[in-house]
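Visitor: What follows is a predicted structure for the sequence shown.
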Amino acid sequence: MTTQIDNIFHASSGKLGKLRLAPNGLGWKSTEEEGAEVVTLAASDMKWMEWARVARDFQLLIGRKSSEDRMIFEGFQRDDHDRISAFTKSHYSIPLETKETSLKGHNWGRIDVQGPNLAFLVGSKPAFTLPLNKIANSNMAGKTEVSLEIAPPPPAAPQATGGGKVRVKAVDELVEMRFHVPGTAGKDDDDSGSEAEGEESVSAAQAFHDLIKERADIGEGGAGEGVVVFNEVLVLTPRGRYDVDMFLTNFRLRGKTYDYKILYSSVTRLFLLPKADEIHTQLVIGLDPPIRQGQTRYPYLVMQFTKDEEMDAELNLDDEQLAEKGLQKKYEAPASDVVSQVFKALTSRKIVRPADFVSTSGQNVVKCNLKAIQGELYFLDKSLIFIAKQPVLVDFSNISSLSFSRVGGNMASSKTFDLSISLKSRTDGGTDYSFTGLAKDDAEPIKSFLSVRKVKVKDKTEEEEAHLGDLDDDDEDEEMDSASEAGGSDSDGGAQSKKIKTKAAALLGGGGDDDEDESDDEDFKSESESDGGSASSSSDSDVEMEAPAPKKKKAKKPEAAAGESGGEEPKKKKAKKAEDSD
């Protein structure tokens, strides 16, 4: 006798299937995939069963005897409850308990660890439950706030969408939860005098944080014994000093405020880069998915070591594991070499070092700015990487166009230049990067390096200088044209120019050549000085005294010229004016 129910989801998958209950156990198989594996559970391994209302209709939870993992099925209808309850009670001797869910919508309650699950209770009913094995990290985000990071699901398999295109279906996943836990941890009345004896009280948030680390098996990495521990490593991104615990399947960063548990499968790239100061070396670790601090994502870890810093390390591995990983039992070498070699062996990733690029200063790195951020740009065999607070990696294969442009004038006079890169695609939605402030002397070495890598470089500086030269030629042509128009031809232009000069001379009351104008100016100057003395003695001539000399000269010049051509009448008027003022 069997019972079959269609259109049932297994766990949190989005695929429908059919669930079949039999006296010896149950089985589920997807109806959307051909050749899908059958999920089975023996009746002897069933421990308990619960029926609850969830977002996808109703849910059937089954506890297991062999492990703490639960078997979850969703998509049941209300009418399926009686049929399943009768079947499990008669064949499995397990009652189907109904678990009521709080629907009040309150965001305050209490936390209860129920076996392998973390339950948030409102009153006596759970508002939601969270499997502890899904918690990747627990961090103290404040004195009374605890942040729980949820382990990312495995990447979805790409699906064909037609037309030869393959895409990965985007899904929404819970990545973080934050709990505000005020107060201090509860103590028995008999322990009230413990604080007086010197013991400090523990906050409720700290107690909750410690509980999650213990029960979620993330306090010690969750991967058995550690391989090695690197103490007090300076991490520039995210900034702080961390103890790095290396395990066989993951590594852990333990700081004063934040702890991170990172799987080796999340490590995408390793870079070992010497800094421009020739004192430090940086180990850059690419992560996908990135770690988080609140809303800030860090896709790269940047560790910094001093070149002269020596490290003694002994690995907790047997000879067979050492031979398999290609490691040594003991290391006595520079710290950067030891840490990078251990990461290389445990992550199975290649260490990328700078290419054969050499700047004019003899280094394989150049300093520049990205927007307002100052950093260092490294040239690798297949990519560029800009190291700052948030490193930026640009693969040569992803470059659509790359161009040089000047800064602050012509390239010949400028000491710096810009390096602009347009990308074919970019994960954050942008399309290009503009690195500014590169030394002018490094332009040719960079251009030669990129040309060898078959990266097309477009020099905007040469185009702009050629454009400026064209503009200069156009200006000269315009000046020559205007001069020829002003000079005119021998027949029409010369006569017209001569008429203009004659008319201007007539307006000024003088001759047409330059010598006569200069003599008129000298005569006018002597007359104005002689008349200015009598005018200055009169109190009625304040306006004439306050007027600036050039304007006075320009205003009197026509009268003076007219006086010379018209006789002594202007002098008599001035003399009469002086007498009236007396």
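Guide: Thanks, I have it.
Visitor: Need the phi and psi values for A119.
Guide: phi -110, psi 140 (degrees, to the nearest 10).
Visitor: ok, it to V181 distance?
Guide: Distance check for A119 against V181: by Cβ to Cβ, to the nearest Å, it reads 15 Å. The way it works is simple: take the backbone N, C-alpha and C, and place the C-beta from them, glycine included.
Visitor: repeat for L315
Guide: L315 is 39 Å from V181, by Cβ to Cβ.
Visitor: Spit out the contact partners of the spatially closest residue to E310 that is not a sequence neighbour.
Guide: Closest residue in space to E310, ignoring its immediate chain neighbours: P334 at 6.3 Å, by Cβ to Cβ, 6 or more residues apart in numbering. Residues in contact with P334, defined by Cβ atoms under 8 Å, 6 or more residues apart in numbering, are 281, 305, 307-311.
Visitor: and which of those is nearest H91?
Guide: Set against H91, the nearest of these by Cβ to Cβ is M311 (62.4 Å).
Visitor: distance of that closest one from D277?
Guide: Distance of M311 to D277, computed by Cβ to Cβ: 20 Å.
Visitor: So for the two, which sits in the more crowded spot?
Guide: Neighbour count, other Cβ atoms under 10 Å: between M311 and D277, M311 has more, with 16 against 9.
Visitor: Just grab the bridge partners of that one for me.
Guide: Going by DSSP bridges, M311 is paired in beta bridges with A333.
Visitor: Convert the lengthiest strand in the chain to PDB, retaining C-alpha atoms only.
Guide: Using DSSP state E to define each element, the chain has its longest strand at strand 280-293. This file holds the C-alpha atoms of strand 280-293, laid out as PDB (Å, rounded to 0.1, in the frame of the first residue of the first chain):
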ATOM      1  CA  HIS A 280      56.600  45.600   1.900                       C
ATOM      2  CA  THR A 281      55.100  42.700   0.000                       C
ATOM      3  CA  GLN A 282      51.300  42.200  -0.500                       C
ATOM      4  CA  LEU A 283      49.400  39.000  -0.800                       C
ATOM      5  CA  VAL A 284      46.100  39.600  -2.500                       C
ATOM      6  CA  ILE A 285      43.400  36.900  -2.300                       C
ATOM      7  CA  GLY A 286      40.400  37.100  -4.600                       C
ATOM      8  CA  LEU A 287      37.100  35.900  -3.200                       C
ATOM      9  CA  ASP A 288      33.800  34.900  -4.800                       C
ATOM     10  CA  PRO A 289      31.400  35.300  -3.000                       C
ATOM     11  CA  PRO A 290      33.100  38.200  -1.200                       C
ATOM     12  CA  ILE A 291      33.000  38.700   2.500                       C
ATOM     13  CA  ARG A 292      30.800  41.400   4.000                       C
ATOM     14  CA  GLN A 293      30.900  44.000   6.800                       C
END
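Visitor: which residues make contact with that strand from outside it?
Guide: Contacts for strand 280-293 (Cβ under 8 Å, 6+ apart): 149, 152, 175-176, 236, 238, 258, 260, 262, 266-275, 297-307, 334, 336, 339-340, 343, 385, 387, 391, 393.
Visitor: filter those to the buried ones?
Guide: Listed as buried from the contacts of strand 280-293 are 149, 236, 238, 258, 260, 262, 266-267, 269-275, 298-305, 334, 336, 339-340, 343, 385, 387, 391, 393; burial here means 16 or more other Cβ atoms under 10 Å.
Visitor: Return the subset of the contacts of strand 280-293 lying in strands.
Guide: 149, 176, 236, 260, 262, 267-274, 297-306, 334, 385, 387, 393.
Visitor: okay, now D245: neighbour count?
Guide: 21.
Visitor: distance of K15 from S85?
Guide: 26 Å.
Visitor: ugh, wrong one, I meant D441
Guide: Distance, D441 to S85, by Cβ to Cβ: 82 Å.
Visitor: One more: A276?
Guide: From A276 across to S85, the span is 72 Å (Cβ to Cβ).
Visitor: go on, Q114?
Guide: Taking Cβ to Cβ, one finds Q114 at 22 Å from S85.
Visitor: can you pull the pLDDT of F58?
Guide: Per-residue pLDDT puts F58 at 90.
Visitor: Likewise for D112?
Guide: 88.
Visitor: Starting from the helix or strand hosting it, tell me which strands it pairs with and how they run.
Guide: Assessed by DSSP states H and E, D112 sits inside strand 110-114. In the sheet, strand 110-114 lines up against strand 117-122 (antiparallel) (DSSP bridges).
Visitor: ok so, going back, which one's more surrounded, D441 and S85?
Guide: More crowded of D441 and S85, by other Cβ under 10 Å: S85, with 17 against 12.
Visitor: Buried residues, the helix or strand harbouring that one. List them.
Guide: Using DSSP H and E, S85 sits in helix 80-91. For helix 80-91, burial by neighbour count (16+ other Cβ under 10 Å) applies to 80, 84-85, 87-88, 91.
Visitor: Point out the other helices and strands that it packs with.
Guide: strand 3-10, strand 16-22, strand 46-53, strand 58-64, strand 96-99 (3 or more Cβ pairs under 8 Å, 6 or more residues apart in numbering; DSSP states H and E).
Visitor: Fine by me, we can end here.
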